[in-house]
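S.K.: Sequence and computational prediction follow.
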Amino acid sequence: MSFLFAWRYFKAKKSTNAINVISWISVVAIVIGTAALILVLSVFNGFEGLVKSLYSSFYTDLKILPPSGKNITVTAEQLRELKGIKGIKNYSLVVEEKALVQNGDYQSIVYLKGVDDNYRYVTGVAKHLVKGEYDLGTEDFPKLILGAGVENALGVQADRNIFPLNIYLPRKTEGEQLDAMNDISSDTINTSAAFVIQQDFDTKYGITNLAFAKKALRLGADVYSGVEITLNDPGAAEQVQKQVQKVFGKGYLVQTRYEQNQGLYSVMNMERWIIYGVLSLIMVVAAFNMIGALTMLVLEKQKDIGVLHALGADRGFIQRIFLSEGLLLALIGTVVGMFLAYTMILLQLKFHLISLMPGSFLIDYFPVEPHLADFLLVTATVFVIAILASWFPSRKAAGQRFVVR
């Protein structure tokens, strides 16, 4: 019943035209605020999804690491048990160490990553090659796949480099002093390809075969830097993580993809809430307009309120009428705003109307990804603000009695 009164008051012509104007300004502000929130959150989702997909091309679903130091011991028995865990699709043994790579007068510090034959099946590096072929060479004739940034720093063309590069690696040493003759390996290595994934990887990593890396570092047969694991269902990472931890014990650190990049995900999540908070200020502006419109409506309908009191309406009923009026304004604005935002999202997905600066990113248009949770969050935000904005005028209306003459 209170909503019917609110709908009638919304449609009825007011004696003062300013009430209608302010009411529609409130609706328009809610439309703009709702559409802006949905669109910006959808763009943020698009970029977030793109960044996560790029990171997932390099970081695996699970990774076994040493809790301290650089290396762990992985026995054949542990690998057999690991292979038997349900949900594990494949795994790769890896060795990582900083290396100095030289090409004549050019040199660069590279995170050298020695990987086994399974590596191309547990990560997406092989799918992101921009030149050359996926070839890691052998223990005696190693080859190096460079990130595009490292390739540029060394001044080479990875797929056609004629002269081998010099590579220097620090070996494991028991003493405190470094012996340049015995504790630093010096080898030559050819390049075979270059990859482009994300700047953090492109300017940092070089990938070679595991046998060469272990030989250069003088590592034991069962010594590795980690084990990278891919799953049949990435959503089951936490469940499989517990099983892997049980196999390897407390002396090993088993991390999910989120834990490997916890800083990145935390920053993105914080940015998301900051964006949401800033754009919600648009709704606050709409709330001030709504307070003004409802306050003027209360003054406009003094006679009607008096009649309702005379007919036996209590204060709660009067208050619900004007609360419903505020919610009605919010409902109209929210529905129109969401329809407008969703239409723009569909157009962007299909026609890429808003483009990015060419060459500034891997894609040339703003990515958008609508999430149902965002629509629900924006709806709840609008209605909470509408209730708060309507509360004071409705209380004022409910607290007054007017004499009908």
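M.R.: Yes, it's here.
S.K.: Now do the helix or strand where Val51 lies, average pLDDT.
M.R.: Assessed by DSSP states H and E, Val51 sits inside helix 17-56. The average pLDDT for helix 17-56 rounds to 89.
S.K.: cool, stretch 307-315 as well?
M.R.: The predicted model assigns stretch 307-315 a mean pLDDT of 81.
S.K.: next one: it to chain centre, how far?
M.R.: 54 Å (C-alpha atoms, centre = their mean, to the nearest Å).
S.K.: For it, buried residues please.
M.R.: For stretch 307-315, the neighbour count (16 or more other C-beta atoms under 10 Å) marks 308-309, 313 as buried. Heads up, the C-betas are built off the backbone N, CA and C, glycines and all.
S.K.: got it, and stretch 247-256?
M.R.: 247-248, 252-256.
S.K.: Could you dump those into a markdown table with secondary structure and distance to Leu349 added?
M.R.: Formatted as a markdown table, these follow (DSSP: H, G, I helix; E, B strand; the rest coil; distance: C-beta to C-beta, whole Å):
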| residue | secondary structure | distance to Leu349 |
| --- | --- | --- |
| Val247 | helix | 44 |
| Phe248 | helix | 44 |
| Tyr252 | coil | 43 |
| Leu253 | strand | 40 |
| Val254 | strand | 38 |
| Gln255 | strand | 34 |
| Thr256 | strand | 30 |
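S.K.: Rebuild the residues you listed as CSV, extending it with distance to Asn20.
M.R.: Formatted as CSV, the buried residues of stretch 247-256 follow (distance: C-beta to C-beta, whole Å):
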residue, distance to Asn20
Val247, 71
Phe248, 70
Tyr252, 70
Leu253, 65
Val254, 64
Gln255, 60
Thr256, 56
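S.K.: In helices, which of the buried residues of stretch 307-315 appear?
M.R.: The helices, defined by DSSP state H, take in 308-309 from those.
S.K.: Please compute how far the helix or strand following the helix holding Val51 lies from its chain's middle.
M.R.: Note on helix 17-56: by DSSP H and E, the next helix or strand toward the C-terminus is strand 62-65. Distance of strand 62-65 from the chain centroid (C-alpha atoms, centre = their mean) equals 21 Å.
S.K.: Make 3 the starting number, not 1.
M.R.: Sure, I'll start counting at 3 from here, so that last one is strand 64-67.
S.K.: same for strand 64-67, what does it pack against?
M.R.: With contacts taken as 3 or more C-beta pairs under 8 Å, 6 or more residues apart in numbering; DSSP states H and E, strand 64-67 sits against strand 228-233, helix 239-250, strand 255-258.
S.K.: quick revisit: give me the buried stretch members for the helix holding Val53, please.
M.R.: Residues of helix 19-58 classed as buried by neighbour count (16+ other C-beta under 10 Å): 21-22, 24-25, 27-29, 31-50, 52, 54, 56-58.
S.K.: what's the answer for stretch 369-388, then?
M.R.: For stretch 369-388, burial by neighbour count (16+ other C-beta under 10 Å) applies to 369-372, 376-377, 380-381, 383-384, 387-388.
S.K.: Show me what the helix holding Val53 is packed up against.
M.R.: Packing partners of helix 19-58 (3+ C-beta pairs under 8 Å, 6+ apart): helix 264-302, helix 317-353, helix 374-400.
S.K.: In CSV: the ones you listed, plus distance to Glu240.
M.R.: Below are the helices and strands packed on helix 19-58 laid out as CSV (distance: least, C-beta to C-beta, whole Å):
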stretch, distance to Glu240
helix 264-302, 14
helix 317-353, 32
helix 374-400, 20
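S.K.: How about the secondary structure of Gln159?
M.R.: Here Gln159 is coil, with the state taken from DSSP: H, G, I helix; E, B strand; the rest coil.
S.K.: Surely it touches Ala150?
M.R.: No. Judged on C-beta atoms under 8 Å, Gln159 makes no contact with Ala150 at a distance of 11.1 Å.
S.K.: So these two - more neighbours on which side?
M.R.: The neighbour count for Gln159 versus Ala150, taken as other C-beta atoms under 10 Å, is higher for Ala150 (19 against 12).
S.K.: Phi and psi next, for Tyr136.
M.R.: Note on Tyr136: its backbone torsions stand at phi -70, psi 100 [degrees, to the nearest 10].
S.K.: Buried deepest among the helices and strands packed on strand 64-67, which one?
M.R.: Comparing these on average neighbours per residue, with mean count of other C-beta atoms under 10 Å, the densest one is strand 228-233 at a mean of 23.
S.K.: Please state the offset of it from the chain centre?
M.R.: 22 Å.
S.K.: And for stretch 371-389?
M.R.: Distance, stretch centre to chain centre, for stretch 371-389: 19 Å (C-alpha atoms, centre = their mean).
S.K.: ok, residues contacting stretch 120-128?
M.R.: For stretch 120-128, the surrounding residues in contact (C-beta atoms under 8 Å, 6 or more residues apart in numbering) are 58-62, 91-96, 136, 147, 197, 199, 209, 230-232.
S.K.: What is the end-to-end distance of it?
M.R.: Terminal residues of stretch 120-128 are spaced 11 Å apart (C-alpha to C-alpha, to the nearest Å).
S.K.: And for stretch 83-96?
M.R.: In stretch 83-96, first residue to last residue: 18 Å (C-alpha to C-alpha).
S.K.: pLDDT of that stretch, averaged?
M.R.: Mean predicted confidence for stretch 83-96 is 97.
S.K.: contact partners of that stretch?
M.R.: Outside stretch 83-96, the residues that touch it by C-beta under 8 Å, 6+ apart are 62, 76, 81, 115-118, 120-121, 123-125, 212, 226-235, 238, 241-242, 245-246, 249.
S.K.: can we see that at 6 Å?
M.R.: Applying C-beta atoms under 6 Å, 6 or more residues apart in numbering, the external contacts of stretch 83-96 come out as 117-118, 120-121, 123-124, 226-234, 238, 242, 245, 249.
S.K.: Where does the prediction get shaky in the protein?
M.R.: Within the chain, the stretches with pLDDT under 70 are 3, 15-19, 174-183, 360-364, 402-407.
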